[in-house]
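1. would you be able to build a 3D model of this:
(one chain, ligands or ions: 1)
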Amino acid sequence: MSENNIQNSLFLRAAFSKSTERPPVWMMRQAGRFMPEYWEIKNKYTFLEMCKTPEIAADVTMLPVNLLGIDAAILFSDILVTAEAMGGDLSFTQGVGPKFANPVRNQADVDKLLTEVDDKLQYVADAIKVIQQRLNGSVPLIGFAGAPFTVMSYLVEGGSSKDFKLTKLLIHNHPELAHQLLAKIAKVTVDYLNLQINAGVNALQLFDSWALALSWDDYKEFSHNYNTEIISKLNRKDIPIISFCKGSSVFAPLMAESNPDVISVDWNADLLDIKKKLPAGIAVQGNLDPHILYADKKVIKERIHRLFERMRGQDGFIFNLGHGIMPDIPFDHVKYAVELIKEFRY
Ligand code: CP3
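-> The predicted model follows:
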């Protein structure tokens, strides 16, 4: 496929709710630890070194394209690179996950955060250029960023959290401070996504992974409003934006108000029901429970076919998981799933 033809790719057609002969497939965390080839690289570098070295980020981005034959590549990076560029002292430890050594908890911490950080994120633009040379027009490249609420939760908690206690205390006891922090992250996120567009991505996904922790009213005030602002400020004529959150089966009606092209849906919902309730022109992405990929191949086949039969005749459907692939899912199960999807015809 030539560069000019990328707009005709299955993935971009489905993202813009045009008809396709089968659903396109990509999977969140498709470039990761379930692949032996990932470990060959990971054993030599830290995760952040991998993200910050364009040639290595490109090598990892290409793994699922070359080994799985996936219909879209996703930039190898992390949602927390924006927070690091703002001044977060970020590290990733195996088995622990992300940590910020300097959590953001008071006015002075918020004031210290930088908001002009494009220079510090130039390595991402460089990686995108290398990846597009490698892809050579074969499949579209998805860029991404974390949504302000989800990024804020890592900065405030200092890492991953089960209950988001400190983040919720901040929004409930000090809403103005929370808004200052969210506004700073939102500003950086707009610049960062526009930097990715300028560098050549073909689509974008906004990850609001932990929005499900919020009540309806808090989601509106502390998450949705910022996501809407971000989406409205992107220079993105032919670049679809996918809005993801765990909890989209609850928040989809609000998410639709932000005018994304695609809403990525978790596995709690019936995908067709969600799609029918959305305004025409918003595609859906999802929504297989990633745990299905642990199961026997006949179960994988039955569940994927069940989902596809449900969505038969619908334009605007991208196959994905409800959340990322777990690191111990067998590689050959993922490969089997992709092959099955690519054989399917509406
Ligand atoms: O999807 C892809 O293949 C592209 C790369 C990608 C990564 N992280 C690589 C990664 C993407 C899109 C992300 C997004 C991300 N990062 C999210 C949103 C998606 C989601 O899962 O909800 C979140 C919440 C993060 C934050 C993050 N990064 C956590 C909590 C962790 C540790 C947990 C874990 O899975 O290890 C990471 C580390 C991370 N990001 C790894 C990878 C491949 C593992 C790094 C390693 O090899 O040790």
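2. for the nearest residue to Ala145 once chain neighbours are set aside, helix, strand, or coil?
-> Of all residues beyond its chain neighbours, the one nearest Ala145 is Thr189 (5.0 Å), with distances taken as CB to CB, 6 or more residues apart in numbering. (Each C-beta comes from the backbone N, C-alpha and C, glycine too.) Under the three-state scheme (DSSP: H, G, I helix; E, B strand; the rest coil), the conformation of Thr189 reads as helix.
3. show me the shaky parts of the chain.
-> Per-residue confidence for the chain (pLDDT under 70) gives these ranges: 1-4.
4. now it against the ligand: closest residue?
-> Nearest residue of the chain to the ligand: Ser209, at 3.1 Å (CB to the nearest ligand atom).
5. which ones are touching that residue?
-> By CB atoms under 8 Å, 6 or more residues apart in numbering, Ser209 lies in contact with 79, 146, 150, 244-246, 323.
6. ranking by neighbours, what's the top pick from these?
-> In terms of neighbours by other CB atoms under 10 Å, the contacts of Ser209 top out with Cys245 at 29 neighbours.
7. quick one: contacts for that residue?
-> Taking CB under 8 Å, 6+ apart as the criterion, Cys245 is in contact with 147, 150, 207-212, 223, 251, 255, 264.
8. tell me the phi and psi of the nearest residue in space to Pro290 that is not next to it in sequence?
-> Excluding its sequence neighbours, the residue lying closest to Pro290 (CB to CB, 6+ apart) is Leu321, at 4.4 Å. Leu321 adopts backbone torsions of phi -90, psi 160, taken as degrees, to the nearest 10.
9. who does Leu321 bridge with?
-> Note on Leu321: beta-bridge partners by DSSP bridges are Leu288.
10. quick one: the strand or helix carrying Ala57 near the ligand?
-> Assigned by DSSP states H and E, Ala57 falls within helix 54-68. No - between helix 54-68 and the ligand, judged by CB under 6 Å from any ligand atom, nothing touches; the nearest distance is 7.3 Å.
11. after that helix, which helix or strand is next?
-> Under the assignment DSSP H and E, the closest C-terminal helix or strand after helix 54-68 is strand 73-74.
12. that next one vs the ligand: in contact?
-> Yes - applying CB under 6 Å from any ligand atom, one finds strand 73-74 touching the ligand at Ile74.
13. who are the packing partners of that strand?
-> The helices and strands touching strand 73-74, judged by 3 or more CB pairs under 8 Å, 6 or more residues apart in numbering; DSSP states H and E, are helix 54-68, strand 141-146.
14. show me what that strand is in contact with.
-> If you take CB under 8 Å, 6+ apart as the criterion, strand 73-74 is touched by 26, 28, 30-31, 61-62, 64-65, 131, 135, 139-142, 144, 205.
15. hmm, 6 Å instead?
-> Counting by CB atoms under 6 Å, 6 or more residues apart in numbering, the neighbours of strand 73-74 from elsewhere in the structure are 61, 65, 139, 141-142.
16. that one pairs with which strands?
-> Pairing partners of strand 73-74, with direction, according to DSSP bridges: strand 141-146 (parallel).
17. wondering if the strand it pairs with reaches the ligand at all.
-> Yes - under the criterion of CB under 6 Å from any ligand atom, the ligand is reached by strand 141-146 at Phe144.
18. go on, stretch 121-132?
-> No - legend: contact between stretch 121-132 and the ligand by CB under 6 Å from any ligand atom is lacking; minimum distance shown is 11.4 Å.
19. surely Asp261 touches Pro240?
-> Yes - checked against CB atoms under 6 Å, the pair Asp261 and Pro240 is within contact range at 3.7 Å.
20. which residues touch the strand or helix carrying His333?
-> If you go by DSSP H and E, His333 is part of helix 331-343. With CB under 6 Å, 6+ apart as the contact definition, helix 331-343 has outside contacts at 25, 34-35, 68, 293, 297, 300-301, 304, 319.
21. in CSV, list those along with neighbour count and secondary structure.
-> Compiled in CSV, these are given as follows (neighbours: other CB atoms under 10 Å; DSSP: H, G, I helix; E, B strand; the rest coil):
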residue, neighbour count, secondary structure
Val25, 24, strand
Phe34, 22, coil
Met35, 21, coil
Leu68, 21, helix
Leu293, 22, helix
Lys297, 13, helix
Ile300, 19, helix
Lys301, 13, helix
Ile304, 21, helix
Phe319, 26, strand
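22. and those residues, which two are the farthest apart?
-> The most widely separated members of those, counting by CB to CB, are Met35 and Lys301 (21.7 Å).
23. on that earlier part again, what would the contacts of Cys245 look like in a markdown table with secondary structure?
-> Rendered in a markdown table, the data for the contacts of Cys245 read as follows (three-state DSSP):
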| residue | secondary structure |
| --- | --- |
| Ala147 | coil |
| Thr150 | helix |
| Phe207 | strand |
| Asp208 | strand |
| Ser209 | coil |
| Trp210 | coil |
| Ala211 | helix |
| Leu212 | helix |
| Ser223 | helix |
| Phe251 | helix |
| Met255 | helix |
| Ser264 | strand |
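24. at the contact with the ligand, which residues of the chain appear?
-> Near the ligand, the residues belonging to the chain are 28-33, 42, 47, 74, 76, 78-80, 92, 94, 97-98, 144, 160, 207, 209, 324 when assessed by CB under 6 Å from any ligand atom.
25. can you select the buried ones from these in PyMOL?
-> This is how PyMOL selects the buried members of these, with burial counted by 16 or more other CB atoms under 10 Å:
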select buried, resi 28+29+30+31+32+42+47+74+76+78+79+80+92+98+144+207+209+324
